[in-house]
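Engineer: All I have is the shape, not the residue letters:
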């Protein structure tokens, strides 16, 4: 069978053809590989360079490779945080004509970390709680769109910094199933698998001495269930309000917005006697602040980063003349937002030398600079200004923290 590449982008096949597909993945020469840390995997996984992109290459049988390729594309269409599927390569053969396993190719997720790399230095319990929060949000988002993961675990997840928190991304969709809607039993099964897998992974870390002594692996595995349950209840519960108290519905929607979700579709029904109103959020979409920031500024960030940048943007807007030049009419928010990007955000990020940024993306770097400004202002008991904060951050913080700022990368 001839070599065949099924790809999402017409540019990728030409770049991928340069890779040594006639060599088993485990034996690929170093000249093709990118030395990035990998997590635990059932399959052989390597990182390679294709043109300007770093890709993850995973060997597995043809049917599961094509199936996972399709599922990852479905998740991308649904807006779920997951690695990008680029191609499936089939028809591989070695120099003697012997068959080699097909491979699934995904795009390396920049700035991400597998959990084992994060535990190379013992994580504080507070950081682990943030990881559990991120994983619970990812699992809820998957279940809202009808995706049963079938193997939720720390090993199958990548984490990116997100303004003091973390954002979780699905890596392995091999065992997943996409349905119009999940039953309570399907969700419960997925959640129970997550609890068992996470407890087992943390027990393994405990045995290697990489787990904080105060962390109970079984308790942390159970915690994912509690965090998931609280978020799922808030996003899906039915509320009954007194008739005429419509601001209660608005308050509920605002609460969901604060959690980072939009209500895309809802059901509102009056009781037969007209005394009460029942409100049910039927379709809930994640990324409320992301979409708001993208609409205003064109910046595409993680959810918590967007929340932080929007707060800074609003504070800056409050100090500006909100009238358009010439006619005295109020300037549109989008106009002011683009001024903020041009006059504040970009100059601030560019003030940090590229060689000191490591792999930190601009939105995360801006968040760190805002945090440093707050710290210095608290110490000085007055606002020290963003320019001063940037200068101090570059000269006193980044040189010492460079090693920790440079992110490790996925399996």
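Structural biologist: Yep, that arrived. As the structure is a computational prediction, the values presented were derived from the model and not from experiment.
Engineer: so residue 306 sits right up against residue 286, yeah?
Structural biologist: No: using CB atoms under 8 Å, residue 306 makes no contact with residue 286, being 11.5 Å away. (C-beta placed from N, C-alpha, C; glycine too.)
Engineer: neighbour count winner among these two?
Structural biologist: residue 306 (27 against 22; other CB atoms under 10 Å).
Engineer: Give me the contact list for the helix or strand containing that one.
Structural biologist: Per DSSP states H and E: residue 306 is located in helix 303-317. With contacts defined as CB atoms under 8 Å, 6 or more residues apart in numbering, helix 303-317 is touched by 162-165, 167, 260, 286-290, 292-294, 296-297, 299, 301, 333, 336-337, 340, 344-345, 363-364, 366-367, 370.
Engineer: which among these end up buried?
Structural biologist: By neighbour count, with 16 or more other CB atoms under 10 Å, the contacts of helix 303-317 hold 162-163, 165, 167, 260, 286-290, 292-293, 296-297, 299, 301, 336-337, 340, 345, 363-364, 366-367, 370 as buried.
Engineer: Could you give the separation between the terminal residues of stretch 14-32?
Structural biologist: With CA to CA, to the nearest Å as the measure, the first residue of stretch 14-32 is 16 Å from its last.
Engineer: Could you pull out the buried residues of it?
Structural biologist: For stretch 14-32, using 16+ other CB under 10 Å, the buried residues are 15-16, 19, 21, 25, 28, 32.
Engineer: relative to its centroid, which residue of this structure is most remote?
Structural biologist: Within the chain, the residue lying farthest from the chain centre (CA atoms, centre = their mean) is residue 273, at 46.2 Å.
Engineer: Surely that residue is in a strand?
Structural biologist: No: going by DSSP: H, G, I helix; E, B strand; the rest coil, the assignment for residue 273 is coil, not a strand.
Engineer: how close does it sit to residue 243?
Structural biologist: Distance of residue 273 to residue 243, computed by CB to CB, to the nearest Å: 9 Å.
Engineer: hmm, back to that, what's the per-residue pLDDT of the residue farthest from the centre of the chain here?
Structural biologist: Residue 273 carries a pLDDT score of 85 in this model.
Engineer: ok, so what distance separates it from residue 320?
Structural biologist: Counting by CB to CB - residue 273 and residue 320 are separated by 52 Å.
Engineer: With residue 399 instead?
Structural biologist: As judged by CB to CB, residue 399 and residue 320 stand 34 Å apart.
Engineer: For stretch 342-350, measure first residue to last.
Structural biologist: This stretch, stretch 342-350, spans 11 Å end to end (CA to CA).
Engineer: ditto for stretch 289-305
Structural biologist: Rule used - CA to CA; the end-to-end distance of stretch 289-305 is 9 Å.
Engineer: from memory residue 179 sits against residue 185, does it?
Structural biologist: No: in this structure, residue 179 is not within contact of residue 185 by CB under 8 Å, at 11.9 Å.
Engineer: With neighbour numbers in mind, choose between those two.
Structural biologist: When residue 179 and residue 185 are compared for neighbours, residue 179 comes out ahead with 11 against 8, by other CB under 10 Å.
Engineer: which of the residues in stretch 234-254 are buried?
Structural biologist: Neighbour counts over stretch 234-254 (16+ other CB under 10 Å) mark 234-235, 241, 249, 252-253 as buried.
Engineer: And the furthest pair within those residues?
Structural biologist: Greatest spatial distance in these: 235 and 241, 17.7 Å, computed using CB to CB.
Engineer: same for the strand or helix carrying residue 295, what does it pack against?
Structural biologist: Assigned by DSSP H and E, residue 295 belongs to helix 288-297. When contacts are defined as 3 or more CB pairs under 8 Å, 6 or more residues apart in numbering; DSSP states H and E, helix 288-297 sits against strand 261-270, helix 303-317, helix 333-340.
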